[in-house]
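Trainee: My questions concern the predicted model and sequence given below.
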Amino acid sequence: MTPGFDPAAATAAYLATISPAAHAKALAYTHGGYWLLLWDAVASVAAAWIVLRTGVLVRLRARLEQRRPRPFLVVFAVLAVFLLADFVLELPWNAYAHWWRERQYGMTSQALGGWLTEQAVGLGVGLVMLTVLMEALYLLIRRAPRSWWLWGTGVTAIFILGVFVLQPLYIEPLYNTYRPAPPGPVRDAVVQIAVASHIPPDKIYVYNGSKQSNRYTANAAGLFGTARIAMSDTMFREGVDVAEVKAVVGHEVGHYVMQHALRDSALLAALALVGFVLTDRLFPWVARVAGAQGVRGIADPAGYPVLVILVAVLGLLATPLVNAITRAAESEADTYSLQHVNEPDGFARALMKTVAYRAATPGPLEEAIFYNHPSVGSRLRKAMDWKAAHPAPPSAPPAASAAPAG
Ligand SMILES: [Zn+2]
């Protein structure tokens, strides 16, 4: 125990540094974000419904099948036309909710052109990935109409693992440039943590995250041989607080070491299983309610928008469950950082930089439903409880910390 140190008071002291104006702004941003979950799903359903009502996919499928069945071509053509139509229909909403609003709150300084370019890249990536997945799923629905949901879950699990493995190699470089961390005190500190956790230092990258966001952030991505930790260049700016960086990197190393990506894959596959069973049962009803004229059933790719409607609604309903599981992993990563890096105050200062986009002190129910990380209030308290129980070692001699970085 650290004598005379009160973790509750230390937590309150950190929280008290948030000005009332900053807190009000964070509340508005966070609460508005809850509504965006709903409106995003509504926009998705509305766009799918509009495409369905035009009958364009039914006509496209009929034309492609005029002479002979071409199931693979039909799936690809339907996906290409649907994704493009959906992109255009949802663009005004997405530009408002995910670009203009972010700028209004000062979360990004990205220009509209850069944002649009990334959306277009996302459309291309989405078409490639969905084609791979949906060709397999539609094949299973055609061949095993009664048990496709079971085989489909297996295929989806493999697909998810594939995406996790390939993400750092082929997807993330489409958006950002990744380089080895530049030499200096930040890299030295990070390499020390990595080596202590048996991570090769060449698995640590810096990316130009400041392009999209001013957020102070790092992430662990990849799986098996492609796993790596990436730190936003916002963490390498002038006058950076090394204790903060160490605490944040310790958290990401925790995700890496505990292989949370594998757990996430299993979770997503389990959700896919439930989603597929429900989709199999609900498809005819949703198709009827949505007025899907000419759609022959779940095996008909022209009914793809019906699947989109189901995924949007089921995805929204699954939000609290996904958040609960994600929060548990985040909490474990926090513990890992405290145990292995032991920078509770660096950790606390890094957390204070996130209170602008995740209000610090939600109610318990609000946190349970909407928060994919534990709230800053509870994370601070955990760090201060740790500090109370683990007094810091005597600090290094001044000469060592004042040595010029070379
Ligand atoms: Zn995390």
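Mentor: Perfect, I can see it now.
Trainee: And the helices in the stretch 251-400 of the chain, which stretches?
Mentor: Secondary structure of the stretch 251-400 of the chain by DSSP state H, counting those that start in this stretch: the helices cover 260-290, 304-341, 344-352, 364-370, 376-389, 398-402.
Trainee: Is the first one in proximity to the ion?
Mentor: No: with CB under 5 Å from the ion as the measure, helix 260-290 is seen stopping short of the ion, the closest distance being 8.0 Å. Every residue, glycine included, has its C-beta placed from N, CA and C.
Trainee: residues touching the residue lying closest to Leu223 once chain neighbours are set aside, list them.
Mentor: Nearest non-adjacent residue to Leu223, counting by CB to CB, 6 or more residues apart in numbering: Phe164, 4.3 Å away. By CB atoms under 8 Å, 6 or more residues apart in numbering, the contact set of Phe164 is Ala221, Gly222, Leu223, Ala261, Asp264, Ser265.
Trainee: With pLDDT as extra columns, can I get those residues in TSV?
Mentor: What follows is the contacts of Phe164, written out as TSV (pLDDT from 0 to 100):
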residue	pLDDT
Ala221	84
Gly222	83
Leu223	83
Ala261	88
Asp264	87
Ser265	89
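Trainee: Check the offset of the helix or strand hosting Val128 from the chain's centre.
Mentor: Using DSSP states H and E, Val128 falls within helix 112-143. Distance, stretch centre to chain centre, for helix 112-143: 17 Å (CA atoms, centre = their mean, to the nearest Å).
Trainee: So what's the predicted local confidence for Leu321?
Mentor: On pLDDT, Leu321 comes in at 94.
Trainee: re earlier: so which of the helices of the stretch 251-400 of the chain gets nearest Ile171?
Mentor: Closest approach to Ile171 among the helices of the stretch 251-400 of the chain is made by helix 260-290 (13.8 Å; CB to CB).
Trainee: quick one: the closest one to helix 112-143, angle?
Mentor: On the basis of axes from the mean of the first three to the mean of the last three CA atoms, to 10 degrees, helix 260-290 is oriented at 80 degrees to helix 112-143.
Trainee: relative to helix 304-341, how tilted is helix 260-290?
Mentor: Angle, helix 260-290 to helix 304-341, by the same axes, to 10 degrees: 160 degrees.
Trainee: Check which helices and strands helix 260-290 sits against.
Mentor: helix 20-54, helix 148-166, strand 218-221, helix 304-341 (3 or more CB pairs under 8 Å, 6 or more residues apart in numbering; DSSP states H and E).
Trainee: what angle separates that helix from helix 148-166?
Mentor: Using the same axes, to 10 degrees, helix 260-290 lies at 130 degrees relative to helix 148-166.
Trainee: Look up phi and psi at Tyr205.
Mentor: Main-chain dihedrals, Tyr205, degrees, to the nearest 10: phi -120, psi 160.
Trainee: Specify the beta-bridge partners of it.
Mentor: Taking DSSP bridges as the rule, Tyr205 bridges to Pro180, Ala230.
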